[in-house]
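Asker: Quick one, fold the following:
(one chain, ligands or ions: 1)
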Amino acid sequence: MRQVTGSRVTGSKMCPESEKITGLIAATFTPLTSDGELNLEVIGQYVDFLLEKQSVRSVFVNGTTGEGCSLTLQERKQLAEWWCRQAKGKLDKVIVHVGCLSVKDSQELARHAASVGADAIAVISPSFFKPRNAEALQMFLKDVGAAAPQLPLYYYHLPSMTGLNLNVREVLEGIEKKVPSFRGLKFSGVDLRDLSQCVSYCRPRGWSVLYGVDEQLLGALPLGVNGAVGSTYNYAGFFMNQMLSAFEKGDLNLAQSLQFKLQDVLTFANSLGFDLAMNKQVMSLCSGLPMGPPRLPLLPWPSDSVQDVVKKLQQDLGACPK
Ligand SMILES: CC(=O)N[C@@H]([C@@H](O)[C@H](O)[C@H](O)CO)[C@@H](O)CC(=O)C(=O)O
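Answerer: You can find the predicted model right below:
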């Protein structure tokens, strides 16, 4: 993805280009055994699958797709450690999501992510007791960042799941003074004005804005996002990389037609009840890797719905080899 260069911000340090996170980033699924325990052995093959079959070179671990909030702290640590170990020398970036309801738990995961060699951490807002304003969220991010000051920290905005509809631009205001390790956002909202205003704040500081709504990534690209984190890049990464290249070459017609195809697949999947559980089953079929069941309270879907989605991915996107 095109690297965006920005001018130096007066009085503040600009993040070097080389540290920026760009391109497609797979939000990883968490492989479980049939009895619901971590199946860590799959991760090595998972790394190779992303690289060789999807041309996806970075991962976002323990996020929404990874069922991070349904895992124990110990499990999250094991996953972070395995991903970092298996990715070493192969993937570009491993971002570990450390957001929890308890700031103490988030700090523990942040310290752990630093100790196992993660490239960055991401933090979602607590969503049971929610921050009442932007300042409260900044204070939460500050305390988490202080636990791993050497690691770039990204705020993870996902209003559809957290129910937190704070204007993200307000959360950014002055954040570099409170969280010196702050390096950008994963923006999974649909408010494109807020997204643009975040890009305009982050770009001169050399920070990355990563978009998180796969079905409308093309809407975010001209606004200046640097990359994208998403679940579908696990199995439609190769296809969506073509969409990125078309956009970068200025072939908007092609980029649009590719984005429309992913939208059609997801609209069809949504009509069947597409959720993380079904998504995980789709990944098992598309990759041939045993992702296993989702964790409760999520329930697996009957295989015919999953197969229908896979067929549509094959027909429309040429994804998921037969
Ligand atoms: C709500 C949700 O799960 N959003 C996904 C999208 O990739 C989403 O699955 C995709 O746009 C299809 O709707 C990602 O933003 C989640 C994500 O990056 C994560 O796992 O943390």
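Asker: ok, Ser287 - how many residues close by?
Answerer: By other Cβ atoms under 10 Å, the residues close to Ser287 number 21. Every C-beta, even on glycine, is put in place using the N, C-alpha and C of the backbone.
Asker: Likewise for Leu296?
Answerer: Neighbour tally, Leu296, other Cβ under 10 Å: 8.
Asker: now Ile25
Answerer: Counted with other Cβ under 10 Å, the neighbours of Ile25 add up to 28.
Asker: which ones are touching the residue positioned nearest the centre of the chain?
Answerer: When Cα atoms, centre = their mean is applied to the chain, the residue found nearest the centroid is Val229 (3.5 Å). For Val229, the contacting residues are 25-27, 60, 63, 95, 186, 188, 210-212, by Cβ atoms under 8 Å, 6 or more residues apart in numbering.
Asker: Let's see that with 10 Å instead.
Answerer: Val229 is in contact with 21, 24-27, 58-60, 63-65, 95, 97, 122, 154, 156, 186-188, 210-212, 214, counting by Cβ atoms under 10 Å, 6 or more residues apart in numbering.
Asker: Please list which of those also come close to the ligand.
Answerer: Cross-checking the contacts of Val229 against the ligand (Cβ under 6 Å from any ligand atom) gives 27, 60, 63-65, 188, 212, 214 as the overlapping residues.
Asker: Make JSON lines from the residues you listed and add pLDDT, neighbour count and secondary structure to it.
Answerer: Formatted as JSON lines, these follow (pLDDT from 0 to 100; neighbours: other Cβ atoms under 10 Å; DSSP: H, G, I helix; E, B strand; the rest coil):
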{"residue": "Ala27", "pLDDT": "98", "neighbour count": "27", "secondary structure": "strand"}
{"residue": "Phe60", "pLDDT": "98", "neighbour count": "31", "secondary structure": "strand"}
{"residue": "Gly63", "pLDDT": "98", "neighbour count": "28", "secondary structure": "coil"}
{"residue": "Thr64", "pLDDT": "98", "neighbour count": "21", "secondary structure": "coil"}
{"residue": "Thr65", "pLDDT": "98", "neighbour count": "24", "secondary structure": "coil"}
{"residue": "Ser188", "pLDDT": "98", "neighbour count": "24", "secondary structure": "coil"}
{"residue": "Gly212", "pLDDT": "98", "neighbour count": "24", "secondary structure": "coil"}
{"residue": "Asp214", "pLDDT": "98", "neighbour count": "21", "secondary structure": "helix"}
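Asker: With respect to Asn279, which of the residues you listed is nearest?
Answerer: Checking these against Asn279 by Cβ to Cβ gives Thr65 as the nearest, at 7.1 Å.
Asker: quick one, what contacts Leu109?
Answerer: For Leu109, the contacting residues are 62, 68, 73, 76-77, 80, 96-100, 118, 121, 123, 144, 147-148, by Cβ under 10 Å, 6+ apart.
Asker: what about 7 Å?
Answerer: Each residue near Leu109 by Cβ atoms under 7 Å, 6 or more residues apart in numbering is listed here: 73, 76-77, 98, 100.
Asker: Out of the residues you listed, which sit inside helices?
Answerer: Under the assignment DSSP state H, the contacts of Leu109 contribute 73, 76-77 to helices.
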